[in-house]
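> Need a 3D model of the following:
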Amino acid sequence: MLDKNVGFLAIDLPGHGLSSRLPPGMYYSSSCYLITLNYIRDFLQWDNISFIGHSLGALIAYTYCMMHQDRVDFLICLDGSKPLVTENFIKHMAMLLDKFLEYNKFAFSLEEPPSYTIDEIKQKIAKPNDNSVDLEYAHCLMERSIAPSKLHPGKYYITKDPRLRIGEVMSFSHEQLIQSARYLTSPICIIKATGSSYYEDKNNFYKVIDLVKRASRDFDFHYVDGTHHVHLNHPERVAGIVNSFIGRHNVTA
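Next comes the predicted model:
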């Protein structure tokens, strides 16, 4: 449904999909992902980047845009954008660091992870975020995230690095995000699913987005009926918005 005259490079962030994992003892962070984007930009010898990201991908792209205005042509965020503000940050960080030690043990393990039937994996994919993924589309997320079990024929295990369950240890304060929003001048399109959570105090979200709206030289904001994975369950609700925004910025020129 996306414009066939526009090329898209889809990536799995480190530890996700078919991308390599970090070495044992390391934890995944926004810094790791931002450095990855710079590696890609350098390898492909691109001067500028145009982003379309969903959830964590949108958050990372937004953060990259905060840091490198001069390198970003435009940004499209699907049900995710600004970094989340963590309440009780110090307590939260201490908890995650302890949790890291637990999950890091799996990085050293040579044992095969637990395996499941295809139907069981579909249920595991569909259930998070209030059953965000329709079962009939769960296979789209399975294609790059499972591998056949060598111990249990007919079953599969999930390849995603368990350390990703820890989440982000460091975070921005609300004040830092407010200050940074004033300098986001790149064209920005934000699509918010009506059936999805804000994952923080929604007032934080709207205060920052209001400043982004004033700073951006071309700002779009759209509510779309659906869950956190509305772009997967109902791509027709999102594709027109995305195509229209891209079309305004001459990426095919």
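
> what about the longest helix in the protein?
helix 89-108 (DSSP state H).

> Pull the residues that contact that helix.
Residues from elsewhere that reach helix 89-108, judged by CB atoms under 8 Å, 6 or more residues apart in numbering: 21-25, 27, 86, 113, 161-163, 165-167, 169-171, 173. Every C-beta, even on glycine, is put in place using the N, C-alpha and C of the backbone.

> Buried members of those into PyMOL, please.
Buried members of the contacts of helix 89-108, defined by 16 or more other CB atoms under 10 Å, are picked up in PyMOL with:
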select buried, resi 21+22+27+86+161+162+163+166+167+169+171
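
> if we can go back for a sec, average pLDDT for the longest helix of the chain?
On average, the pLDDT along helix 89-108 is 88.

> next SSE after that helix?
strand 115-116 (DSSP states H and E).

> What is that next one packed up against?
strand 156-158 (3 or more CB pairs under 8 Å, 6 or more residues apart in numbering; DSSP states H and E).

> In terms of secondary structure, what does the strand it packs on contact?
strand 115-116, helix 118-126, strand 146-148.

> what's the most buried one of the ones you listed?
Across the helices and strands packed on strand 156-158, the average number of neighbours (mean count of other CB atoms under 10 Å) peaks for strand 115-116, which reaches a mean of 19.

> And the pLDDT for Ala253?
47.

> Next: Val169.
Value for Val169, per-residue pLDDT: 75.

> show me the contacts for it.
Tyr27, Ser29, Met93, Leu96, Leu97, Phe100.

> Sort out which residues of stretch 100-114 are buried, please.
Phe100, Asn104, Ala107.

> One more: stretch 151-161?
Quick answer for stretch 151-161 (16+ other CB under 10 Å): Lys155, Tyr156, Tyr157, Ile158, Thr159, Lys160, Asp161.

> neighbours of the nearest residue to Asp47 once chain neighbours are set aside, just the number please.
Of all residues not flanking Asp47 in the chain, Arg71 sits nearest, at 7.5 Å (CB to CB, 6 or more residues apart in numbering). Counted with other CB atoms under 10 Å, the neighbours of Arg71 add up to 16.

> Wait, Arg71 touches Phe51, no?
No - using CB atoms under 8 Å, Arg71 is not in contact with Phe51; the gap is 10.4 Å.

> Can you work out which residues contact both of these two?
Tyr64.

> on that earlier part again, which of the helices and strands packed on strand 156-158 sits closest to Asn203?
helix 118-126 (30.5 Å; CB to CB).
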